[in-house]
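Undergrad: Fold the following, please.
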Amino acid sequence: MLYKKKSPLLIFLLPGLVLMILFLYKPFIENIINSFYDMTSVIKMPGQEWNFLGLANYKKLFSDPKIRIAISNTLKMMALAVVFQVGIAFLLAVLVNQIKTGQQIFRTVYFFPIVISASAIGLLFKLFYNYNGGMLNQLLLAAGKKPINWLSTSRAFVMVSIPIIWSYVGFYFVIILTGLNAISEDIYEAAAIDGCSRWKQVFYITIPLIRGVMCTCITLAVTGAIKVFDLPWVIVPKGAPQGVTHFLGTYMYEQTFSISNIDYGSTIALLIVILGVIVSKIISKLMKPDGNLE
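TA: Residues are numbered from 1 along each chain as shown. A predicted model of the protein is given here:
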């Protein structure tokens with residue numbers, strides 16, 4: 001061990017612990033408490049008490065049609081994130097890993113969307129989708145076809161999903177490529193001598209050796225899909241007609257800040273946390289990143 005005495009370590013850890021308690025755990029506990037009270041009056045005046053609602057907000061979750069849409073869209077986005085975000089990132093990483101020179105160029109190009117603000121990306125795609133003067137409809141008009149309402153009820157979810165998936169592919173690409181670079185070339189050379197093709201090397205060597213990295217990427221993708229907010233809210237504020245593009249994050253924001261239904265928003269926030277913990281535990285259990293295949 002670096003230090004025989006552990007007291008100096010506690011001194012360095014204490015400030016971080018205090019900050020986490022003040023800005024993470026304390027607000028989280030207060031959020032749970034708020035979900036049981038009527039928070040119509042945000043500021044508690046002297047002598048005023050909030051009405052205790054009990055489990056009313058939690059019962060409302062089962063009867064609210066918009067929360068069902070939000071949960072459904074969130075689950076769909078979780079599946080899309082695993083298949084397309086992580087899947088495309090893995091495919092790109094495997095292809096780029098075969099290149100011996102110029103990898104840094106691909107790293108920069110694919111990672112670039114992460115550098116751009118999500119609000120800027122959302123505004124950009126919103127301009128693409130505009131019915132009047134939008135880039136996509138201009139292309140249709142140039143081809144002699146009629147313009148399309150890209151954010152209609154039937155298309156809105158797909159149109160919103162495209163920028164969400166595209167913007168984070170580069171993030172997982174860099175993580176997976178870093179994991180691939182850690183695999184020794186000797187293993188692939190030995191496999192090639194034994195007659196193992198490139199694709200068989202991917203399935204029998206690459207994927208098992210980066211299972212921990214893939215588990216991390218899938219966990220980040222799924223939990224990120226649960227918390228998605230900025231891009232959908234910028235492209236389609238308030239979830240489009242009937243809230244068809246609402247996710248748990250956007251619906252929570254609408255309830256908390258647009259409608260000032262803070263107690264119900266706190267309930268949705270707790271639902272997001274519980275769902276994130278459950279899903280991450282399931283992924284960790286299924287993927288077994290510690291390498292135990294039993």
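Undergrad: any weak-confidence spans in this protein?
TA: Flagging of the chain using pLDDT under 70 yields the residue ranges 1-3, 41-48, 289-294.
Undergrad: so how far is residue 109 from the residue most central in space within the chain?
TA: In the chain, the C-alpha nearest the mean C-alpha coordinate belongs to residue 224, at 1.6 Å (CA atoms, centre = their mean). Distance, residue 224 to residue 109, using CB to CB, to the nearest Å: 21 Å. C-beta coordinates here come from the backbone N, C-alpha and C atoms, glycine included.
Undergrad: hang on, the earlier thing: show me which residues of whichever strand or helix holds the residue nearest to the centre of the chain are buried.
TA: Element membership of residue 224, judged by DSSP states H and E, is helix 211-226. Neighbour counts over helix 211-226 (16 or more other CB atoms under 10 Å) mark 211, 213-226 as buried.
Undergrad: Likewise for stretch 157-173?
TA: Going by neighbour count (16+ other CB under 10 Å), the buried part of stretch 157-173 is 157, 159-173.
Undergrad: from the residues you listed, which is closest to residue 237?
TA: Among these, residue 160 lies closest to residue 237 (CB to CB), at 11.5 Å.
Undergrad: Any figure for the gap between residue 191 and residue 210?
TA: Distance from residue 191 to residue 210, by CB to CB: 15 Å.
Undergrad: Looking at these two, which one has more neighbours?
TA: Of the pair residue 191 and residue 210, residue 210 is the one with more neighbours under other CB atoms under 10 Å, namely 22 against 16.
Undergrad: who's in contact with the more buried one?
TA: By CB atoms under 8 Å, 6 or more residues apart in numbering, residue 210 lies in contact with 176, 179-180, 183.
Undergrad: What separation do you get for it and residue 165?
TA: According to CB to CB, residue 210 stands 21 Å off from residue 165.
Undergrad: show me where the stretch 51-200 of the chain has helices.
TA: In the stretch 51-200 of the chain, the helices defined using DSSP state H, counting those that start in this stretch lie at 56-63, 65-80, 87-97, 103-115, 118-129, 135-142, 156-181, 185-193, 198-201.
Undergrad: got these as CSV, with distance to residue 251 columns?
TA: Formatted as CSV, the helices of the stretch 51-200 of the chain follow (distance: least, CB to CB, whole Å):
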stretch, distance to residue 251
helix 56-63, 11
helix 65-80, 4
helix 87-97, 27
helix 103-115, 25
helix 118-129, 17
helix 135-142, 27
helix 156-181, 14
helix 185-193, 47
helix 198-201, 43
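Undergrad: Any idea which of these gets closest to residue 269?
TA: Closest approach to residue 269 among the helices of the stretch 51-200 of the chain (CB to CB): helix 56-63, 11.1 Å.
Undergrad: Just the CA trace of the closest one, in CSV.
TA: The C-alpha coordinates for helix 56-63 follow below in CSV (Å, rounded to 0.1, in the frame of the first residue of the first chain):
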residue,chain,number,x,y,z
ALA,A,56,-51.5,9.3,-5.1
ASN,A,57,-48.7,10.3,-7.5
TYR,A,58,-47.5,6.7,-7.8
LYS,A,59,-51.1,5.5,-8.5
LYS,A,60,-51.3,8.3,-11.1
LEU,A,61,-48.4,6.6,-13.0
PHE,A,62,-50.7,3.6,-13.8
SER,A,63,-53.5,5.8,-15.2
